[in-house]
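*Asks:* Fold the stuff below for me.
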Amino acid sequence: MAIGIYDSGLGGLSVWRELRQQTSARLLYFGDTCHVPYGEKTQAQLEGYFWEIAGFFLRQGCQAIVVACNTSSALVLPQVEGRLEIPVFGIIESAVDAVLGVSKGSVGVLATRGTADSGAYQRAFLASAPEMKVFVQSAPRLVPLVESGQVSSQEARQVVKEYLDPLLAEGIDTLLLGCTHYPFLHDLIAELAGPSVVIVDPAPALAAQVAGVFPEWKPGSQGKDTGYNTQFWVSGDPHTFKTTAELLLKEELPAVAFYHMSGEKT
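*Replies:* Have a look, this model is predicted:
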């Protein structure tokens, strides 16, 4: 059993670190680092990346795909639903469910430009909780900060404050991290948001959803363990990815392999 997980770069590692605790399946992580950030790409570009990465996962024997990216979940998954014979999991539904479990009725969403402009979260909350007040803030400068490992820098503090202030002014009680990169800024975001705002990282909910579909691969079942059982691949520089990933995760990763993505690189 193998599960493929992909994102534009390092962000999906926030989902990977949760999923590896909830399944003993073999995991393949793909960081499409030659196309980061996805939040600035068009729907057509993102759909092209999806099909190429899905093909790679299928050739590697994956039996499920986790789209660990809010922008791709918002823009691509509605277009490809039902077109693959294996399950494909996105993060929007899990994120909304996680928020509904804790919010008192006013939620702010930090997201990439692509996710914010898609209206995906606005529609999802309207469908599930029409009485919920939802405020979405585009935060395009956060992904580059995470990708460069600047999660506790003075620049990160200034940028996070710039994006948070409009949401806090609306009186939100819950803040959804609507990009898988943002959990790596969790401590800084929580400090600036203050104790009255609940911070929601949807990664645990998504990991639980995926693991629930494959109960036979729970940790400890069939004699499996939860140690390193992941292959890491990137479309850009493996060394840069590994170095920054280890900085963010505070642990050593195995070797990272390179996969050449066809087509344009911008």
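
*Asks:* hey, let's count contacts and neighbours off CA atoms from now on
*Replies:* OK.

*Asks:* shaky segments in this structure?
*Replies:* 220-228, 263-266 (pLDDT under 70).

*Asks:* Strands of the stretch 151-266 of the chain, start to end?
*Replies:* For the stretch 151-266 of the chain, strands defined by DSSP state E, counting those that start in this stretch occupy the ranges 174-178, 198-200, 230-234, 256-258.

*Asks:* and the first one, what does it pack onto?
*Replies:* Okay, so that is strand 174-178. In terms of contacts (3 or more CA pairs under 8 Å, 6 or more residues apart in numbering; DSSP states H and E), strand 174-178 is packed against helix 92-100, strand 106-111, strand 198-200.

*Asks:* what does the last one give?
*Replies:* Packed against strand 256-258 by the contact rule (3+ CA pairs under 8 Å, 6+ apart) you find strand 230-234, helix 238-249.

*Asks:* Tell me what angle the longest one forms with strand 230-234.
*Replies:* Which is helix 238-249. When axes from the mean of the first three to the mean of the last three CA atoms, to 10 degrees is applied, the directions of helix 238-249 and strand 230-234 differ by 120 degrees.

*Asks:* before we move on, back to that, just send the helices and strands packed on strand 174-178 back as JSON lines, with distance to Ala139 too.
*Replies:* Rendered in JSON lines, the data for the helices and strands packed on strand 174-178 read as follows (distance: least, CA to CA, whole Å):
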{"stretch": "helix 92-100", "distance to Ala139": "17"}
{"stretch": "strand 106-111", "distance to Ala139": "6"}
{"stretch": "strand 198-200", "distance to Ala139": "16"}
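
*Asks:* wait, which of those is closest to Thr23?
*Replies:* Proximity to Thr23 (CA to CA) singles out helix 92-100 among these, at 17.3 Å.

*Asks:* check contacts around Phe232.
*Replies:* 28-31, 254-257 (CA atoms under 8 Å, 6 or more residues apart in numbering).

*Asks:* and if we set it to 10 Å?
*Replies:* Shown in contact with Phe232 (CA atoms under 10 Å, 6 or more residues apart in numbering): 5, 27-31, 238, 241-242, 253-258.

*Asks:* Likewise for Pro195?
*Replies:* Here Pro195 is in contact with Asp173 (criterion: CA under 10 Å, 6+ apart).

*Asks:* go on, the one 10 residues further on?
*Replies:* Under the criterion of CA under 10 Å, 6+ apart, the neighbours of Ala205 are 15, 18-19, 91, 93-98, 211.

*Asks:* Kindly provide the distance from it to Asp165.
*Replies:* Using CA to CA, to the nearest Å, Ala205 is found at 27 Å from Asp165.

*Asks:* again, but for Thr33
*Replies:* Using CA to CA, which is the criterion applied here, Thr33 is 30 Å from Asp165.

*Asks:* Which one's more surrounded, the two?
*Replies:* Under the neighbour definition other CA atoms under 10 Å, Thr33 and Asp165 were set side by side, and Thr33 has more, 23 against 13.

*Asks:* hang on, the more buried one packs against Gly9?
*Replies:* Yes: counting by CA atoms under 10 Å, Thr33 does reach Gly9; the two are 4.8 Å apart.

*Asks:* which neighbours do the two share?
*Replies:* Contacts common to Thr33 and Gly9, judged by CA under 10 Å, 6+ apart, are 147, 234-236, 241.
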